[in-house]
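Colleague: Structure for the following, please:
(chains A and B)
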Amino acid sequence: MTPNPYLWLVPILPLAGAAINGFFGRRSSKKAITAVALVFCGLAFFLALVIAAGFSSSSAPYYFNLAHWIRAGSFSVDFEFYLDQLSLVMLLVVTGVGFLIHIYSVGYMWDDDGYYRFMAYMNLFMFFMLTLVLAKNYLVMFIGWEGVGLASYLLIGFWFTKDSAAAAGKKAFIVNRIGDFGFLIALFLMIKHFGSLDFTHVFTAVQSLPTETAGVGILTAIGLLLMVGAAGKSAQIPLYVWLPDAMEGPTPVSALIHAATMVTAGVYMVARSSAIFDRAPTAMMVVAIIGTLTALFAATIGIAQTDIKKVLAYSTVSQLGYMFMACGVGAFSAGIFHLMTHAFFKGLLFLAAGSVIHGIGGEQDMRKMGGLRVYMPWTFMTMGIATLAITGIPPFAGFWSKDEILWRAFGASWVYWLIGVVTAFITSFYMFRLMYMTFGGEYRGAVAQKAMVHKADAHGHDDHGHDDHGHGEPHESPWVMLGPLVILAVLSVVGGFVGYGNRFEHFLAPVFQGAGAVAREGAREAGDSTIEYLLMAVSVSVAGLGWLLAYLLYSRLPQLPARIAASLGGLYRAVANKYYIDELYAVLFVKPLIEGSTTILWHDVDQGVIDASVNESAHAAREVSDSLRHMQSGNLRSYAGWVAAGGAVAIAYMVWMGVR
Amino acid sequence: MEIPLSCYLVLSGILFVCGVLGFLIKRNIITIFMSIELMLNGVNLSFVAFAAQWHALSGQVFVFFVMVVAAAEAAVGLAIIIAVYRTRETLNVDRVNLLKL
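Modeller: Coordinates of the predicted model:
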């Protein structure tokens, strides 16, 4: 443990930027706002680089105690920051990708009236995300956890005058709240059983407990509750429904919060709690199953979406499923590796999608795109690289991490591996479908465009700020937007090589020492390299197959998909409507809740009991005083009569008592 | 012949009840005033009766106090009655009801 006094500055810098822009941005010029937002975010990135340069595994973990917070008996929580290999990776990903997306946002949001607000929220998000990543105990982590939820809510509902955006913001917040509830109960259990929320204390205490192989014990309970929290934040079954709707936010937000960083917080939290999960195999299995199912389930929905951002949203859910699958089979470092490469290529995919949307005037429907590779070559190239990366074509980043996960999943059970490979095939199919629909063939929006400009405005599609440009032709985005794309594309190409020869895993190994049992089992199997290469070949070839299928259906035979869709009938409709999960939730949870709240809580309890008791007691007091008021007639002799009567009663009482 | 204590107390009770009834029934302030004096003297009678019965001096002392206070009260009370008569030109208490709701 080495103190590092600079740690706390990393989150504080973006907070300062958020405060300056938030309080003074309304009256500042856009140049000043840009400068503040970029400088503070960039400083945080620079500081992270400095810290990374001074990082050495021998003196890790670093910590810094900023201030006391809660002192109650033997229980104490401080504002403490903590940096080990795991948080270093997260720190660099969050500040690096975050900074690039800040630069991109300058180009993307320049014409929006709420520019200062947007930049302030983005910086605020960075603050909370860095707090989450650098926390030394679960409570400070929870501050960041809730804070990123808040920033996410603010940014999804950024165009709050649009009903759908406001509703999506609320949905994200409420669904996240369900997950946070689980997280919070897990924290209470930790306080009760370990008397601390500090990572070091909790994990030391956990390691002295036996592995809960049979039945459900305290560690399994904590693990499952943490997973509930992670499922909410990282959009896993059954709480994934908010993420696709979150695409109502501006595209840089989708890239930063809903693809690269915030949604991976759940994975980070599960990996951070690896010591707990290691002792709770049942919880591990639940994590793996949820991750695997989510990966497949979300990927199938992605096939039939026509909104470019919705495809990417379901793809994100699916890729997060991979990460949880990895954590669930004990391959935490593989999960974090995929988290990192995913941040590169999915951030890039969203930014490129934003560039497309920007270039054709706010249209998000892929059926109205096509042929854009001619108009926006840079966007096409970078997005193509990202697509190759996500589908797992070597040597792009996604190949390394996804292959690592699939290999480790095979070590746990071939079922996980099989579903993972099927998902990889579907991923490859829908991603290349997206590419062919967007960039291949002829531009399908030109004719419709002129008529659609106003309609798109009325629709309030993504960046309505750009609709008044008077788009005739699709055009390439400015360099302030393309720059981040190119940098992320480079990272998507080379990012995977950090995992070459298991270097990434060895780097993270000290963090996951606690999670020994499962990792050792994996290491034993890792010796068998023939199977590893075989599995690698299988996953690469299914990715190729998916590409081929997408090429056939969406480039060579563009009439075929519609006919296939028609012949599938009900199945296709179910997929296109996202398996009616939203409708199901509405019937199962939302409607009963609203009905129950209206009739029972509002009409019966609030109006019938609480309001009524107050009203009735006031009424009764008035009735009584109304009758008593006649005693005060102003007639002197009646007063005397009352006094005499009262005296008579008192004497009668005393006499009666005396007789008795 | 010794007069028993009960006779004094009955007389005292009769005087007091007369006072109360007079207070309640009469409308003239002066009559009411006299009824009050009647009640006081009824009470005074029971005081001295008990004092004589128990050979305790304090009851008699108390009666002197009551008489002194009653004299003072009579002076103030008559002054008030004159003042009321001057402003209201009546001695009927039912018409002196400015404090009525």
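Colleague: number of nearby residues for A:G546?
Modeller: 22 (other C-beta atoms under 10 Å in any protein chain shown). C-beta: built from backbone N, CA, C; applies to glycine.
Colleague: from what I can see it touches A:G392, true?
Modeller: No. With contact defined as C-beta atoms under 8 Å, A:G546 does not reach A:G392; the gap is 9.7 Å.
Colleague: for A:W69, what are its contacts?
Modeller: Counting by C-beta atoms under 8 Å, 6 or more residues apart in numbering or on different chains, A:W69 touches A:V77, A:D78, A:F79, A:L139.
Colleague: mind giving me JSON lines with the residues you listed and columns for distance to A:G215 and secondary structure?
Modeller: As requested, the contacts of A:W69 are exported to JSON lines (distance: C-beta to C-beta, whole Å; DSSP: H, G, I helix; E, B strand; the rest coil):
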{"residue": "A:V77", "distance to A:G215": "31", "secondary structure": "strand"}
{"residue": "A:D78", "distance to A:G215": "35", "secondary structure": "strand"}
{"residue": "A:F79", "distance to A:G215": "38", "secondary structure": "strand"}
{"residue": "A:L139", "distance to A:G215": "29", "secondary structure": "helix"}
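Colleague: Could you list which of those also contact chain B?
Modeller: Among these, proximity to chain B is found for none (C-beta under 8 Å from any C-beta of the partner chain).
Colleague: Would you show me how to pick out the buried ones of these in PyMOL?
Modeller: Command for PyMOL, covering only those of these found buried under the criterion 16 or more other C-beta atoms under 10 Å in any protein chain shown:
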select buried, chain A and resi 77+78+79+139
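Colleague: what about A:L548, helix or strand, and which?
Modeller: Under the criterion of DSSP states H and E, A:L548 resides in helix A:529-551.
Colleague: Relative to the whole chain's centre, how far out is that helix?
Modeller: Distance of helix A:529-551 from its chain centroid, counting by C-alpha atoms, centre = their mean, to the nearest Å, is 30 Å.
Colleague: Please, where are all the helices along chain B?
Modeller: Using DSSP state H, the helices of chain B run over B:5-25, B:29-54, B:57-88.
Colleague: Mind giving me the packing neighbours of the helix or strand following the helix holding A:L548?
Modeller: Remark: after helix A:529-551, the chain's next helix or strand is helix A:560-568, criterion DSSP H and E. Using 3 or more C-beta pairs under 8 Å, 6 or more residues apart in numbering or on different chains; DSSP states H and E, the elements in contact with helix A:560-568 are helix A:570-576.
Colleague: can you list contacts of the helix or strand that the helix it packs on is followed by?
Modeller: Under the assignment DSSP H and E, the closest C-terminal helix or strand after helix A:570-576 is helix A:581-585. Applying C-beta under 8 Å, 6+ apart, the contact partners of helix A:581-585 are A:V241, A:N577.
Colleague: Report the buried residues of helix A:581-585.
Modeller: In helix A:581-585, counting by 16+ other C-beta under 10 Å, buried: A:I581, A:Y585.
Colleague: Could you list the low-pLDDT ranges of chain B?
Modeller: Applying pLDDT under 70 to chain B flags residues B:1, B:99-101.
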